[in-house]
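Chemist: Predicted model, plus sequence, below.
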Amino acid sequence: MPRQLTFDLPARPALGRGDFLIAPSNRVALTVLDSTWPQGKLALTGPEGAGKSHLAQVWAAEQGAVVLQGQALATVALGQINPAAVVVDDADCIAGDPTAEQALFHLHNLVLASGGLLLLTGVSAPARWGVALPDLASRLAATATAALEPPDDLLLSTLLVKLFADRQLRVAPDLIAYLVARMDRSFAAAGALVAALDARALAERRAVNRGLAAEVLDMALKRQP
């Protein structure tokens with residue numbers, strides 16, 4: 001039997017406000033995001049895959065904001081940026097890069113001096129990013145923070161359903177409960193698990209069910225140090 005050819009095509013995640021999964025772990029952060037920010041700036045924080053980029057994209061679409069990536073900030077022509085509303089996603093990536101730190105410092109001043117809004121995202125609070133530029137560090141330390149917390153069972157279950165739907169996969173409810181009880185409890189782990197199940201199902205022409213899930217989870221456990 002010829003081997004099944006598979007293609008690593010990216011899933012198309014649904015990223016509208018209505019697609020953001022609201023739960024006790026993120027409701028406070030969402031409320032803060034929708035409120036008036038002190039000094040016109042806010043840092044949205046939380047673990048990898050918690051929905052920071054999703055919420056930032058939702059806010060950017062509603063505000064008509066420019067979206068910049070922290071890892072590319074050093075290459076941005078700040079003079080061409082509309083300072084009315086700006087997002088810097090993964091802004092904590094700039095720490096240790098003098099050019100990027102200078103860029104964020106000037107962008108921060110540009111946006112706030114014009115009366116605009118600046119939304120930053122990062123894993124931890126800005127005061128803990130470890131930037132070396134003192135003037136930037138002081139401004140980041142004074143930035144209000146809205147934290148997305150790790151998921152509870154309900155949010156993790158709903159997230160798995162969404163991730164499967166993004167890949168056009170329909171699975172049985174008992175499979176979701178099975179996965180939640182056995183997987184690493186993080187947003188990043190949920191994304192990796194669904195991707196692994198999808199890839200294995202395609203490669204072996206199998207349905208995504210508990211049998212396949214048990215094999216994938218077992219393989220992930222064996223890879224752990």
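Modeler: Noted; the coordinates are in hand. The structure displayed is predicted, hence computed values, not measured ones.
Chemist: Can you report how many residues lie near A74?
Modeler: For A74, the neighbour count with other Cβ atoms under 10 Å is 15. Backbone N, C-alpha and C define where each C-beta goes, glycine included.
Chemist: ok, now A207?
Modeler: Neighbour count for A207, taken as other Cβ under 10 Å: 12.
Chemist: got it, and G46?
Modeler: 22.
Chemist: dump the residue contacts of it.
Modeler: By Cβ atoms under 8 Å, 6 or more residues apart in numbering, G46 lies in contact with N26, A29, K52, V123, A147, L148, E149.
Chemist: Quick check: buried residues in the lowest-mean-pLDDT helix or strand in the chain?
Modeler: When each helix and strand of the chain is scored by mean pLDDT, DSSP states H and E, helix 24-33 comes last, with a mean of 84. By neighbour count on 16 or more other Cβ atoms under 10 Å, the buried set for helix 24-33 is S25, N26, A29, L30, V32, L33.
Chemist: thinking again about what came up before, need the buried ones from the contacts of G46 selected in ChimeraX.
Modeler: Here is the ChimeraX selection string for the buried members of the contacts of G46, based on 16+ other Cβ under 10 Å:
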select :26,29,52,147,148,149
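Chemist: Walk me through the domains of the protein.
Modeler: Split into domains by automatic domain parsing, the chain comes to 24-147, 153-223.
Chemist: what's the most buried one of these?
Modeler: domain 24-147 (a mean of 18; mean count of other Cβ atoms under 10 Å).
Chemist: how long is that domain end to end?
Modeler: 12 Å (Cα to Cα, to the nearest Å).
Chemist: circling back to that earlier point, from the contact counts, what lies against the least confident helix or strand of the chain?
Modeler: The helices and strands touching helix 24-33, judged by 3 or more Cβ pairs under 8 Å, 6 or more residues apart in numbering; DSSP states H and E, are strand 41-45, helix 52-63, strand 144-147, helix 153-166.
Chemist: Redo those as JSON lines? Include distance to P83.
Modeler: Shown next, in JSON lines, are the helices and strands packed on helix 24-33 (distance: least, Cβ to Cβ, whole Å):
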{"stretch": "strand 41-45", "distance to P83": "12"}
{"stretch": "helix 52-63", "distance to P83": "12"}
{"stretch": "strand 144-147", "distance to P83": "19"}
{"stretch": "helix 153-166", "distance to P83": "34"}
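Chemist: how far does the least confident helix or strand of the chain sit from the chain's center?
Modeler: Centroid separation for helix 24-33 versus its chain: 15 Å, with Cα atoms, centre = their mean, to the nearest Å.
Chemist: what angle separates it from helix 52-63?
Modeler: Angle of helix 24-33 versus helix 52-63, following axes from the mean of the first three to the mean of the last three Cα atoms, to 10 degrees, is 30 degrees.
Chemist: contacting residues around helix 24-33?
Modeler: 20, 22, 42, 44, 46, 50-51, 55, 59, 119, 144, 146-152, 155.
Chemist: now with 6 Å?
Modeler: By Cβ atoms under 6 Å, 6 or more residues apart in numbering, the surrounding residues in contact with helix 24-33 are A146, A147, L148, E149, P151, D152, L155.
Chemist: now do stretch 135-153
Modeler: Applying Cβ under 6 Å, 6+ apart, the contact partners of stretch 135-153 are 25-26, 29, 32-33, 37-38, 41-46, 50-51, 101, 105, 108, 125-127, 131, 180.
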